[in-house]
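**Q** Structure for the following, please:
(one chain, ligands or ions: 1)
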Amino acid sequence: MNKSGAERDHHRAAVEVSKDKNGIDQFIVRNPRGTSVKVSLHGGQVLSWKTERGEELLFTSSKAIFNPPKAVRGGIPVCFPQFGNRGSLEQHGFARNKIWVIDRNPPSLQPNDSNGKSYIDLLLKPSTDDLKIWPHRFEFRLRVSLTVDGHLTMISRIRNVNCKPFSFSFAYHTYFSISDISEVRVEGLETLDFLDNLCQKERFTEQGDALTFESEVDRVYLSSPNTIAVLDHKKKRTFFIRKEGLPDVVVWNPWEKKSKSIVDFGDEEYKQMLCIDGAAIEKAITLKPGEEWTGRLELCVIPST
Ligand SMILES: O=P(O)(O)OC[C@H]1O[C@@H](O)[C@H](O)[C@@H](O)[C@@H]1O
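**A** Numbers count the residues shown, from 1 in each chain. Sure, this is the predicted structure:
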């Protein structure tokens with residue numbers, strides 16, 4: 001067996017397949033230290049990211065509805081080809097509400113991406129019904145991988161396989177699990193401009209301090225640095241979000257009143273979650289025929305004092 005074949009088998013051996021209660025395949029990608037990521041074919045959604053001690057790093061609502069084709073409240077659903085209600089499609093686009101397929105013969109990783117990673121590739125292509133509401137042929141390859149040190153990387157490659165250009169927006173809608181929203185601060189968004197979804201998407205400028213939370217927040221920060229940190233004082237851990245090809249960052253917490261209006265979300269659960277999404281929203285991505293776009297997100301968590 002040549003090296004790349006052996007390497008591939010190693011990656012495959014690290015992936016376990018199971019079915020959710022609706023019979024839809026989900027995959028658990030493990031690294032040698034026991035860190036794991038669970039990915040569902042439903043929505044191409046990451047549902048869980050656990051440390052070697054079994055600690056869950058992503059939030060999923062206790063009221064989440066596992067009823068395809070609806071996306072599950074939590075984890076990391078992918079918003080494509082539209083973010084939010086900025087367009088004529090359903091909220092956050094259709095990708096999160098589709099059944100994806102697994103690619104059993106994925107192309108090999110870039111040399112700098114292959115070091116000790118276990119990974120899985122999911123694919124989405126538009127159905128005839130999708131083409132009626134969004135008439136653009138695309139191929140979406142989502143690679144979810146885990147390094148030996150437990151870093152979770154998601155790489156989306158979207159290719160235009162049509163004969164005319166199309167444009168889209170995109171977000172990795174990441175629900176971080178936190179101790180308490182009042183104990184958390186976000187660094188990396190200071191002094192940036194943002195569009196406030198709570199004020200008709202009006203543009204404001206953030207002040208010089210790290211973000212802390214004391215009421216509902218629903219914002220798109222523009223042209224952000226490529227590293228953002230979420231510091232959780234009570235849990236004594238910090239999430240680092242590193243992104244490429246994703247200039248914007250969404251910050252969302254529904255707070256008390258909005259939480260009560262979301263059916264698949266507990267009244268008090270806003271305290272234990274914070275969505276920080278690597279995204280491309282303000283300036284739509286346009287692909288000419290044959291062109292491909294890549295959006296990369298790397299998440300890691302480190303203990304802090
Ligand atoms: O309930 P959904 O469709 O998953 O969206 C949740 C939230 O997602 C956020 O990203 C949006 O900025 C919010 O406006 C929205 O309420």
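**Q** what's near enough to touch the closest residue to the ligand within the stretch 151-300 of the chain?
**A** Closest approach between the stretch 151-300 of the chain and the ligand, counting by C-beta to the nearest ligand atom: Trp252, at 4.1 Å. Where you see a C-beta, it was placed from the backbone N, CA and C, and this is true even at glycine. Trp252 sits next to Val217, Asp218, Arg219, Leu274, Cys275, Asp277 when contact means C-beta atoms under 8 Å, 6 or more residues apart in numbering.
**Q** is it fair to say it lies in a helix?
**A** No. Going by DSSP: H, G, I helix; E, B strand; the rest coil, the assignment for Trp252 is strand, not a helix.
**Q** Would you confirm that Arg237 contacts Pro303?
**A** Yes. With contact defined as C-beta atoms under 8 Å, Arg237 counts as touching Pro303 (5.6 Å).
**Q** circling back: what pairs with the residue of the stretch 151-300 of the chain closest to the ligand across the strands?
**A** Trp252 has the following beta-bridge partners by DSSP bridges: Asp218, Cys275.
**Q** Please apply the same query to Arg141.
**A** Here Arg141, judged by DSSP bridges, has bridge partners Leu123, Arg157.
**Q** what stretches of this protein score poorly on pLDDT?
**A** 1-13, 109-116 (pLDDT under 70).
**Q** same thing but 80
**A** Applying pLDDT under 80 to the chain picks out residues 1-13, 69, 108-117, 305.
**Q** What parts of it come near the ligand?
**A** Applying C-beta under 6 Å from any ligand atom, we find that the chain lies next to the ligand at Gly84, Gln91, His92, His173, Asn197, Asp218, Val250, Trp252, Cys275.
**Q** Distance of the first one relative to Val37?
**A** Just to be clear, that refers to Gly84. Here Gly84 is placed at a distance of 26 Å from Val37 (C-beta to C-beta, to the nearest Å).
**Q** hmm, back to that, tell me which of Arg237 and Pro303 has more neighbours.
**A** For Arg237 versus Pro303, the count of surrounding residues by other C-beta atoms under 10 Å is larger for Arg237: 18 against 8.
**Q** How about Thr60, nearest residue that isn't a chain neighbour?
**A** Among residues not flanking Thr60 along the chain, Gly74 sits closest, at 3.1 Å (C-beta to C-beta, 6 or more residues apart in numbering).
**Q** hang on, Ser259 is in a helix, isn't it?
**A** Yes. Membership of Ser259 in a helix is supported by three-state DSSP.
**Q** Three-state assignment for the nearest residue to it once chain neighbours are set aside, please.
**A** Closest residue to Ser259 apart from its sequence neighbours, by C-beta to C-beta, 6+ apart: Tyr270 at 4.7 Å. Of the three states, Tyr270 takes helix under three-state DSSP.
**Q** rewinding a little: quick one: which of Gly84 and Val37 has more around it?
**A** More neighbours surround Val37 than the other of Gly84 and Val37, with 30 against 20 (other C-beta under 10 Å).
**Q** Looks like Pro247 contacts Ser224 (just checking).
**A** Yes. Pro247 is within contact range of Ser224, at 6.7 Å (criterion: C-beta under 8 Å).
**Q** So what touches the helix or strand hosting Val37?
**A** Taking DSSP states H and E as the definition, Val37 sits inside strand 36-40. The contact list for strand 36-40 (C-beta under 8 Å, 6+ apart) reads 20, 24-30, 45-50, 72, 120, 122, 144, 146, 152.
**Q** Could you check how far Gly54 is from Arg203?
**A** Distance from Gly54 to Arg203, by C-beta to C-beta: 43 Å.
**Q** Which of the two has more residues huddled nearby?
**A** Counting neighbours by other C-beta under 10 Å for Gly54 and for Arg203 shows that Arg203 has the greater number, 12 against 9.
**Q** If any of the residues of the chain next to the ligand are buried, give me the PyMOL selection for them.
**A** In PyMOL, a selection of the buried entries from those looks like this (16 or more other C-beta atoms under 10 Å):
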select buried, resi 84+92+173+197+218+250+252+275
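**Q** Looking at the stretch 1-150 of the chain, which residue is nearest the ligand?
**A** Ranking the residues of the stretch 1-150 of the chain by distance to the ligand (C-beta to the nearest ligand atom) places Gln91 first, at 4.3 Å.
**Q** which residues does that residue contact?
**A** Going by C-beta under 8 Å, 6+ apart, Gln91 touches Gly84, Asn85.
**Q** Now with 10 Å, please.
**A** Ala71, Cys79, Gln82, Phe83, Gly84, Asn85, Asn97 (C-beta atoms under 10 Å, 6 or more residues apart in numbering).
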